[in-house]
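Engineer: Generate a structure from the sequence data that follows.
(one chain, ligands or ions: 1)
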Amino acid sequence: MPTSDHVILRELLAHEPGWLSGTALAAKLGVSRVAVWQHMEKLRAAGYEFEAQRSRGYRIAARPKTLHTVSIETQLKVRPRNFSFVVHDEIDSTNDEAARELAAGRAAPFAILARRQTKGRGRFGRTWHSESTGNLYASFAFRPRVAPERMQTFTLWMGLNVCELLANFAQVTPGIKWPNDILFDGRKAGGMLTEARVDSDEIRDLIFGLGLNVNSPETGLPPDLARRAISLADVTGAPLDLNRLAAALIGRVLLAYQNFTEGEHVKSFADLWHRYDLLRGKPITLLEGGRRHHGIVSGLDDEGALLVRDTRGKVHRFRAGEVTLEKIK
Ligand code: BTN
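Structural biologist: Have a look, this model is predicted:
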């Protein structure tokens, strides 16, 4: 149900970069100009700044640097029925919160977003650095009720969709390092953590978690991470509108999930993989269960496993593992 804040924001956004008079806003809402001003104060408190001119009215001068529910809601292009999302100021891990909400019976699909995580998790139990520096920490929860074999390429498909979204949104060229890293120039800007609960041979709960460095300054990171990490703002040279990106991400993830469950993804998977895969033909080391494997990546199989050709020409298949790109000698 849109509130007056939603209506004001929607109108101001729709008129950008133009102005909108206080009288027009008051008429739209059926309230006084003073009431409009009071609502704008609430938006100001959330981080919006407005330029005001007596003869022209208002226009947006600055946007919130952190996640803001009304801003995301206003910028959602389509809002599928039954979808809901929550923005937490701080949470242990959005994946953990999504799991708790699923266990408590919350209707899926839904998304949990947070400005900051105190126990952000990555693969292999690693910590995901999650300070409140204008990045995205988001988890999407679904109840697919399908056999686990049907979801084998799910994270890869979601990663391709995130890459495509970023390419369109910010005119950048991301790449995927199998299976779950989003990179720019060899540095990591995003990671995905998909977790599932399987009951009697079907996936009951599925959580797709995404951490994306959007506006974090390199200076805010511990030194070892700063060398390996990059944010979208580092790539574009300017901060991005975090809430517009969050809204676009929600739309894209929900659509990608639908395409996947309907089997539509097979039509474009190979093309997208070809566009965003960073590993094909590259020498790598793959760490799996404490063992190191060296070879040249020859591609993916139908189940999303990585195919690696060793020095003797034998192709090995890996369902999981951590890949390091080697320098070409
Ligand atoms: C990785 O690269 O190892 C995966 C990182 C996934 C991080 C995201 S941030 C949102 C969600 N909540 C978590 O605790 N982890 C994922």
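Engineer: Now the residue nearest the centre of the chain: which helix or strand?
Structural biologist: In the chain, the residue lying closest to the centroid (C-alpha atoms, centre = their mean) is Leu210, at 5.0 Å. Using DSSP states H and E, Leu210 sits in strand 202-212.
Engineer: Could I have the CA atoms of that strand written out in CSV?
Structural biologist: Extracted as CSV, the C-alpha positions of strand 202-212 are listed here (Å, rounded to 0.1, in the frame of the first residue of the first chain):
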residue,chain,number,x,y,z
GLU,A,202,13.0,-32.3,-2.7
ILE,A,203,14.4,-28.8,-2.0
ARG,A,204,12.0,-27.2,0.4
ASP,A,205,13.9,-24.0,1.1
LEU,A,206,16.3,-22.3,-1.1
ILE,A,207,18.3,-19.2,-0.2
PHE,A,208,20.3,-17.2,-2.7
GLY,A,209,22.6,-14.8,-0.9
LEU,A,210,24.5,-12.1,-2.7
GLY,A,211,27.1,-9.7,-1.4
LEU,A,212,28.0,-6.9,-3.8
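Engineer: Looking at strand pairing, list the partners for the residue nearest to the centre of the chain.
Structural biologist: On the basis of DSSP bridges, Leu210 is bridged to Ala138, Met192.
Engineer: thinking it is in contact with Gly190, fair?
Structural biologist: Yes - counting by C-beta atoms under 8 Å, Leu210 does reach Gly190; the two are 6.4 Å apart. C-betas here are computed from N, CA, C, even on glycine.
Engineer: what is in contact with the two at once?
Structural biologist: Val162 (C-beta atoms under 8 Å, 6 or more residues apart in numbering).
Engineer: Tell me who's in contact with Pro283.
Structural biologist: Pro283 makes contact with 294-296, 325-328, according to C-beta under 8 Å, 6+ apart.
Engineer: and the strand holding Leu210, is it in reach of the ligand?
Structural biologist: Yes - for a cut-off given as C-beta under 6 Å from any ligand atom, strand 202-212 has contacts with the ligand, namely 209-211.
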